[in-house]
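**Q** build the 3D model from these lines:
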Amino acid sequence: MNTIPPVALKQSRGIERLIEGVATSDGAGVKLTRVLTGKLQQRLDPFLMLDAFGSDDPDDYIAGFPDHPHRGFETVTYMLSGRMRHRDSAGHEGLLENGGVQWMTAGRGVIHSEIPEQEDGVMEGFQLWLNLPSQRKMAEPWYRDFPAGDIPEYVTPQGVTVRVIAGSSNGVAGAVTREFTEPVYLDIHVPAGTEFSTVLPDSHNAFIYVYRGAVTVGDAQVASRRMGILGNTPGADGVTIKALEDARLILVAGKPLREPIVQYGPFVMNTQQEIHQALHDYNNGLFA
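**A** Residues are numbered from 1 along each chain as shown. Okay, the predicted model is just below:
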C-alpha cells in the first residue's frame, strides 16, 4: 500500500446542506436507506440514486433482489461486508464479497438478479446509480467484478486510509474511469483527530456520506448516516475533511451531463418516448 504525502488545497469546498436518508425497502423486501432520491438528481447530476444497506438480521436482506430490468445508466455496488451473487441476461455472473465492487453498465437493457449467499452475519454496503450520456444509453451491457485486492489503496502520513474505486485521488488512479461523467468514488477511513484532503475538479458535483463516526468540513459537522452535499464554491479546488472521532465515509463526485432526466422505475432515459420504448422492449423480451 502506497504512502502519499498530504496535499495543500487553496480552498476547501464547504457543506451546502445535510441530507438524512429515508428508510425503505426494495427487491424482495430488502431493508435499506435511500440517501440520494429523485429530488436530488438535478443537483447531484450525474448521480441518480444512492442506497445504503446494513443489517445483521437476515430477515432484512435474505430474499435479495430477484430478476429485474435496467436501461440507460450504470449501477455501482460496493460491498463492505457480506456475499452477493450477481447473474444477468447478458451472460455475466460474479460473486461480490467483502470490500469488493460490482460495476454494471445496463446500457440498452439488461435483466439481473442480486441474491445474498449467506444466511447469517452482517451484510452492509452501498449501491450507486450513475447516469449515462444520451449517446451511451443504448450501448451494449457491460459488467465487471473487482475483488477487494483489486481496489487501489493508499495511506497518508496521518494514517488516513483511502480506497480509490473510481477516478483518482492524490495521484492514485482508481479501478474504474469513465469518459463522460468522470466519476470519483473514494472510501475513506479517517482516525480521530486527523484530517484528509483531496483535489476535486471544480466542474464536478460532489457529496460525502458518513457511515461511521462523525466528521467536519469547514464549520459544518456531518454525523453518522448523513449525506453532506459539497458546495460548488468558486475557487475551491478540493475538500478537507476532519475527523472528530474514528470515522468512515464515502466521497463521490462526477461531471454533470446537463441532460434531461426522465425516470420510470428502473429505466432512466432523456425523453418520455424513450421510456415508452424501454417498456415495449422489456415487455417483448428484447433486452439482452
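**Q** wait, Ala175 touches Ala148, no?
**A** No: checked against Cβ atoms under 8 Å, the pair Ala175 and Ala148 is beyond contact range at 10.6 Å. Yep, even glycine has a C-beta here, placed from its N, CA and C like the rest.
**Q** more neighbours: these two, which one.
**A** Set Ala175 next to Ala148 and count neighbours by other Cβ atoms under 10 Å: Ala175 wins out with 18 against 13.
**Q** residues touching the more buried one, list them.
**A** Taking Cβ atoms under 8 Å, 6 or more residues apart in numbering, we find Ala175 in contact with 101, 146, 150-152, 164-166.
**Q** so for it, what's the nearest residue that isn't a sequence neighbour?
**A** Distances taken as Cβ to Cβ, 6 or more residues apart in numbering place Phe146 nearest to Ala175, at 4.9 Å, with adjacent residues excluded.
**Q** could I get the contacting residues of that neighbour?
**A** Per Cβ under 8 Å, 6+ apart, neighbours of Phe146: 100-103, 165, 175-176.
**Q** state the helix or strand in which Ala90 lies.
**A** Ala90 is part of no helix or strand when elements are defined by DSSP states H and E.
**Q** got the phi and psi for it?
**A** Dihedral pair for Ala90: phi -90, psi 0, per degrees, to the nearest 10.
**Q** what about Asp67, how many neighbours?
**A** The tally of other residues near Asp67 (other Cβ under 10 Å) stands at 12.
**Q** I misspoke; the intended subject was Val210.
**A** 23.
**Q** list the contacts of it.
**A** Going by Cβ under 8 Å, 6+ apart, Val210 touches 222-226, 228, 247-249.
**Q** most neighbours, which of those residues?
**A** Scoring the contacts of Val210 on neighbours with other Cβ under 10 Å, the highest-scoring entry is Gly228 at 28 neighbours.
**Q** wait, that residue sits on Gln221?
**A** No: counting by Cβ under 8 Å, Gly228 sits too far from Gln221 to count as a contact (9.1 Å).
**Q** output stretch 62-70 as PDB, nothing but the C-alphas.
**A** Listed next in PDB are the C-alpha coordinates belonging to stretch 62-70 (Å, rounded to 0.1, in the frame of the first residue of the first chain):
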ATOM      1  CA  ILE A  62     -32.000 -12.700   2.700                       C
ATOM      2  CA  ALA A  63     -34.500 -12.500  -0.200                       C
ATOM      3  CA  GLY A  64     -32.200 -10.200  -2.100                       C
ATOM      4  CA  PHE A  65     -33.100  -8.700  -5.400                       C
ATOM      5  CA  PRO A  66     -34.600 -11.200  -7.800                       C
ATOM      6  CA  ASP A  67     -34.700 -10.600 -11.600                       C
ATOM      7  CA  HIS A  68     -35.400  -7.000 -12.500                       C
ATOM      8  CA  PRO A  69     -34.500  -4.800 -15.500                       C
ATOM      9  CA  HIS A  70     -32.400  -1.700 -16.100                       C
END
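**Q** just the buried residues of it, please?
**A** 62, 64-65, 69-70 (16 or more other Cβ atoms under 10 Å).
**Q** using a markdown table, lay out those together with distance to Tyr211.
**A** Written out in a markdown table, the entries for the buried residues of stretch 62-70 read as follows (distance: Cβ to Cβ, whole Å):
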| residue | distance to Tyr211 |
| --- | --- |
| Ile62 | 22 |
| Gly64 | 21 |
| Phe65 | 21 |
| Pro69 | 29 |
| His70 | 25 |
